[in-house]
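Participant: Need a 3D model of the following:
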Amino acid sequence: MLAAGAAELGKAPISNRAIKETEKAYGPEAADRIAAWNSLVMDNKNKPIAEKLALTNEFFNRIPVKTEEEIWGRKHWSTPFEMLQRNAGSQADHVIAKYVTLEALGIGIEKMKITHVHSMKSADQSYMVLTYQSEPGVMPLVLDTMDKTIKPANERIELFPEHSLNADGLWLSKEQKDGRNDAKEEADAQVELWNEMNARMGKEQLSNETPMPMK
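Facilitator: Numbering: from 1, shown residues only. Take a look at the predicted model:
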């Protein structure tokens with residue numbers, strides 16, 4: 001499940017035009033965030049995987065979490081550009097941004113899953129996390145907006161995976177154990193949201209121009 005734009009982001013800097021247009025529409029702080037995202041990718045491709053995970057998780061966890069309705073007034077998964085421009089993103093937006101960035105940093109998509117989980121800490125808490133598994137059989141690591149420390153999945157005992165979106169598509173990963181029966185409906189809706197977001201990201205302009213220097 002290649003994220004549109006991730007390969008381009010990994011190969012070339014974000015264009016001057018994209019940064020200038022962001023500054024014009026959203027202000028200099030938004031442009032700074034886009035430039036910092038560019039630097040995160042371009043400067044850390046040769047770092048160890050653990051450092052790539054930590055840097056990416058920390059970078060995007062600085063962005064305030066808001067609901068899709070608060071940001072857009074409707075169901076909408078933001079591209080990383082959209083989230084950084086607005087300095088706000090849903091939990092799904094944070095996961096997508098981490099996935100795209102780590103893919104651009106050279107981490108194989110077969111090692112990552114965008115996973116919808118239900119948290120037993122709250123009856124209404126159902127959200128997205130990113131998991132990274134270095135190889136089959138190894139305990140996955142969880143990159144999360146709720147618990148900002150990267151931890152092995154077996155230490156997140158309050159989370160119940162329901163379905164995952166990864167290189168092979170979307171499927172139900174576990175039978176629901178919390179009395180609900182809506183994972184299939186949620187999964188279908190999220191496939192549509194992913195496809196819409198990926199189409200928008202594919203149209204975002206990246207180039208091999210030298211990035212505009214930021215203050």
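Participant: and the residue positioned nearest the centre of the chain, what is it in contact with?
Facilitator: Residue closest to the mean C-alpha point of the chain, counted by C-alpha atoms, centre = their mean, is residue 96 at 2.1 Å. Residue 96 sits next to 3, 77, 78, 79, 80, 114, 197 when contact means C-beta atoms under 8 Å, 6 or more residues apart in numbering. No exception for glycine: its C-beta is placed from N, CA and C like everyone else's.
Participant: Tell me how many other residues crowd the third one.
Facilitator: The criterion is other C-beta atoms under 10 Å. On that basis, residue 78 has 24 neighbouring residues.
Participant: how much space is there between it and residue 163?
Facilitator: 21 Å (C-beta to C-beta, to the nearest Å).
Participant: any idea where the strands of the protein begin and end?
Facilitator: Listed in chain order, the strands of the chain (DSSP state E) span 112-119, 126-132, 141-143, 151-152, 159-166, 169-172.
Participant: how about TSV for those, with distance to residue 64 added?
Facilitator: Listed next are the strands of the chain as TSV, based on distance: least, C-beta to C-beta, whole Å:
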stretch	distance to residue 64
strand 112-119	20
strand 126-132	15
strand 141-143	17
strand 151-152	22
strand 159-166	22
strand 169-172	28
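Participant: just checking, residue 129 touches residue 160?
Facilitator: No. Counting by C-beta atoms under 8 Å, residue 160 is not a contact partner of residue 129; they are 11.4 Å apart.
Participant: joint contacts of these two?
Facilitator: With C-beta under 8 Å, 6+ apart as the test, residue 129 and residue 160 both reach residue 117.
Participant: Confidence-wise, which of the strands of the chain is weakest overall?
Facilitator: The weakest mean pLDDT among those belongs to strand 169-172, with a mean of 52.
Participant: What mean pLDDT does stretch 20-27 get?
Facilitator: 92.
Participant: Surely residue 75 is in contact with residue 189?
Facilitator: Yes. The criterion here is C-beta under 8 Å, and residue 75 meets it with residue 189 at 7.4 Å.
Participant: So if I had to pick from the two, which one is more boxed in?
Facilitator: Of the pair residue 75 and residue 189, residue 75 is the one with more neighbours under other C-beta under 10 Å, namely 15 against 12.
Participant: Can you give me the pLDDT of the nearest residue to the more buried one once chain neighbours are set aside?
Facilitator: Once flanking residues are discounted, residue 75 sits nearest to residue 68: 5.5 Å by C-beta to C-beta, 6 or more residues apart in numbering. Residue 68 carries a pLDDT value of 92.
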